[in-house]
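Participant: With the input below, show me the fold.
(4 chains)
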2 protein chains.
Amino acid sequence: MAPVTEPARPKRVGIREVAAAAGVSVTTVSHALNGKGRLPESTRDAVRDVARRLGYRPNLSAQRLVGGRTGLLGLTLAHPGSGTPATLTDIAYFVQLLTAASTTALARRYALVLSTGVGDSDDEVWQQTSLDGAVVVDPVADDPTVTALRAAGTPVVTTGRLPVQPGAEESEPIWVDNDHVDGTRRLLTHLERAGARRISLITAPLLTSYAIDLHRTYQAWCHERGVEPDVVIAQDDLGERAGFAAAEQLLERGRPDAILGALDRLAVGAQLAAKARGLSIPDDILIAGYTDAPAHLHAEPSLTALQLHPAEIGRRAVELLIALVEDEPIAERHVVVPTQLLPRGSTRRRR
Amino acid sequence: MAPVTEPARPKRVGIREVAAAAGVSVTTVSHALNGKGRLPESTRDAVRDVARRLGYRPNLSAQRLVGGRTGLLGLTLAHPGSGTPATLTDIAYFVQLLTAASTTALARRYALVLSTGVGDSDDEVWQQTSLDGAVVVDPVADDPTVTALRAAGTPVVTTGRLPVQPGAEESEPIWVDNDHVDGTRRLLTHLERAGARRISLITAPLLTSYAIDLHRTYQAWCHERGVEPDVVIAQDDLGERAGFAAAEQLLERGRPDAILGALDRLAVGAQLAAKARGLSIPDDILIAGYTDAPAHLHAEPSLTALQLHPAEIGRRAVELLIALVEDEPIAERHVVVPTQLLPRGSTRRRR
DNA sequence: GCTCCGTGAGAAAACGTTTCTTCTGGCGAA
DNA sequence: TTCGCCAGAAGAAACGTTTTCTCACGGAGC
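Facilitator: Below is the predicted model of the structure:
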């Protein structure tokens, strides 16, 4: 059924209209607006003026058609292979990263699309819709998503580094990452200064670079002080329950005077476990979390944590990716974003 | 600096190559692949076969250029005007909705882009990048985002209804929503059956349709039973702290034997407040939350809640939006998604 | 034997840009 | 004066599709 009265959108003004109104050719308009060609400033200004007055906005599809790019960037959400969708663990971290990434992309006229990763039903879609580039968040070793993208010749920036098998070389490492080594050291030092002597670690499976970094740094730190490392690797959902179980294990087999939880929810679980055993925080045991969350402020006692900057990570990753896509020279292939320590009640110095 | 060896992606196969390989014209290829024109099935099959063998994938930009669409759909994340980005309250709900929406869009060759809404720096971008359509999540009355989109002639589907001023008429209401009226009644009935007689409500500011629905349904339910409604509207962040404060208020001024929290985190806060006052759940007071979250299972006691289906909401919204964009006939302008009650420990029937 | 019509298929225009190439004066140097 | 060069600007091709026309052919109806 044909609509009776076609609403008839006012038919967008194109480059031709601008050219006509400005009394120049379309070539000149294009040149003027894109800063190309040889034109005196006066002409550029005049054209820009007319374009603005007419509300001209270039047609994206046309620009992309001639430019040979789709204007689409991908961002993977899940950890394929780990079994655990990242959405369940550090969801707030993700949303901030994603929002910043999307905004950054949009500002440069790219559209950021979400994917849950290779292996899903999205798999085909990734193939179907050719992306100009992709950000892969927290890749695992031999990450299938990264592999597939590289095979397709798609530029990739990872958030967190791609873990490599010992001996292997990372071929084309371009990444953005939090400074986990520094952050972990800072947390450990903070705990030490607060009086801790036997610090235990609850961490995530060593699949992603951040988990590996944390673990290595902790080991090195212990080694430097000649103390035995005490680690539990949390399984399953990496939520409060996993943290609780891991902390119980730690408290059962030893007498840690501090616990560092490698994810916010692990730390919360550890806090609950300590309380459940009748331990007083921070008098009997110190608790610190590895990533910050709004709820930490309201915990009892408030939870010391390391503040990461997911938005910054997302922004930088997209900037890097776009530079890659547009063959711009990239100054630095790696970006390391510093962290901040937020000391709170759970690690108040002992009297 | 020109690269020494251009990697030279294998130059994608276009419709021309397919036509040549199949021994037909590009027109025929286009017709065969898109199910248009008058062609015998045999020709179609042959063409499809060649296309598949060659790995042909149509150039999106070209299709869009001729089709006059950008292939971009927007999804707003924030509640403009409410001051509170929705990301902070029901973040899990959002991520699920978003993921499903994105996947659905991708399957139909649309890219879903995220926006934080009108008024931000994204504002310009919305104007710049013309969207084919947009999903607005939980719009508020006179929602500026919706208004701006409509003014631009962009099709809009809302998730949750657009609250209208009394007397005003919603002009072009196309929405997808949870069945909040039914859900609220179900929860209230459940509490009543478990023995509750004085049920209090903690809810969000009455800006979005779901808050309004909840509130109205609660009021009506009370009226039917001839009991006085007892409501606190939580302020600020709508998190655990707000729920805690609201519950304290309720417990101070009256003796409710059940509290219904209109958002998961409000309910958690209420649970904490009840415990803090030394009340036993469910013996002294019943607690139920309005939306489910994984943590509810592990709460002590586990928290009764209503399960919503954000993924379904997101999927349906995008389907509706695409139908709108492509001028397909839309069977139903409204979609109501049912909810499920998850009875758990916090509302165990009293002995 | 002519016309008409339906089927199958292709030529070419169109979509709105960017970019490569060409054109035109004018001015300075020889 | 002539040549060459350069700034300034425009013409036209190209990007890869879809879609509108047009065309050829053969069989049915008269």
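Participant: going forward, measure contacts and count neighbours with C-alpha atoms only.
Facilitator: Noted.
Participant: need the contact list for the nearest residue to residue A:297 once chain neighbours are set aside.
Facilitator: Among residues not flanking residue A:297 along the chain, residue A:303 sits closest, at 6.4 Å (Cα to Cα, 6 or more residues apart in numbering or on different chains). Contact analysis of residue A:303 by Cα atoms under 8 Å, 6 or more residues apart in numbering or on different chains lists A:287, A:288, A:289, A:296, A:297, A:343, A:344, A:345, A:346, A:347.
Participant: Can you tell me the closest non-neighbouring residue to residue A:275?
Facilitator: Closest residue to residue A:275 apart from its sequence neighbours, by Cα to Cα, 6+ apart: residue A:281 at 7.6 Å.
Participant: repeat for residue A:96
Facilitator: Once flanking residues are discounted, residue A:96 sits nearest to residue A:311: 5.3 Å by Cα to Cα, 6+ apart.
Participant: ok, of the contacts of residue A:303, which one's closest to DNA strand D?
Facilitator: Nearest to DNA strand D, judged by Cα to the nearest atom of the strand, of those is residue A:289 at 51.1 Å.
Participant: Can you list the residue ranges for strands in the stretch 251-351 of chain A?
Facilitator: With DSSP state E, counting those that start in this stretch, the ranges of strands along the stretch 251-351 of chain A come out as A:258-261, A:286-289, A:304-307, A:334-337, A:340-342.
Participant: need the helices for chain A, in chain order.
Facilitator: Taking DSSP state H, the helices of chain A run over residues A:15-22, A:26-34, A:41-54, A:60-67, A:86-89, A:91-107, A:122-128, A:144-151, A:180-193, A:209-225, A:240-253, A:264-276, A:310-325.
Participant: Residue A:254: how many residues sit nearby?
Facilitator: Residue A:254 has 11 neighbouring residues, counting by other Cα atoms under 10 Å in any protein chain shown.
Participant: can you tell which of the strands of the stretch 251-351 of chain A is closest to residue A:226?
Facilitator: Distance to residue A:226, taken as Cα to Cα, is lowest for strand A:258-261 among those, at 16.9 Å.
Participant: Identify each buried residue in that closest one, please.
Facilitator: Going by neighbour count (16 or more other Cα atoms under 10 Å in any protein chain shown), the buried part of strand A:258-261 is A:258, A:259, A:260, A:261.
Participant: And for stretch A:201-220?
Facilitator: A:201-215, A:217-219.
Participant: Next: stretch A:45-58.
Facilitator: Neighbour-count burial for stretch A:45-58 flags A:47, A:48, A:50, A:51, A:56, A:57, A:58 (criterion: 16+ other Cα under 10 Å).
Participant: got the contact list for residue A:131?
Facilitator: Residues in contact with residue A:131 (Cα under 8 Å, 6+ apart) are A:70, A:71, A:72, A:73, A:74, A:154.
Participant: Pick the one among those residues closest to chain B.
Facilitator: Of all the contacts of residue A:131, chain B sits closest to residue A:70, with 6.3 Å by Cα to the nearest Cα.
Participant: neighbours of that closest one, just the number please.
Facilitator: Residue A:70: 22 surrounding residues under other Cα under 10 Å.
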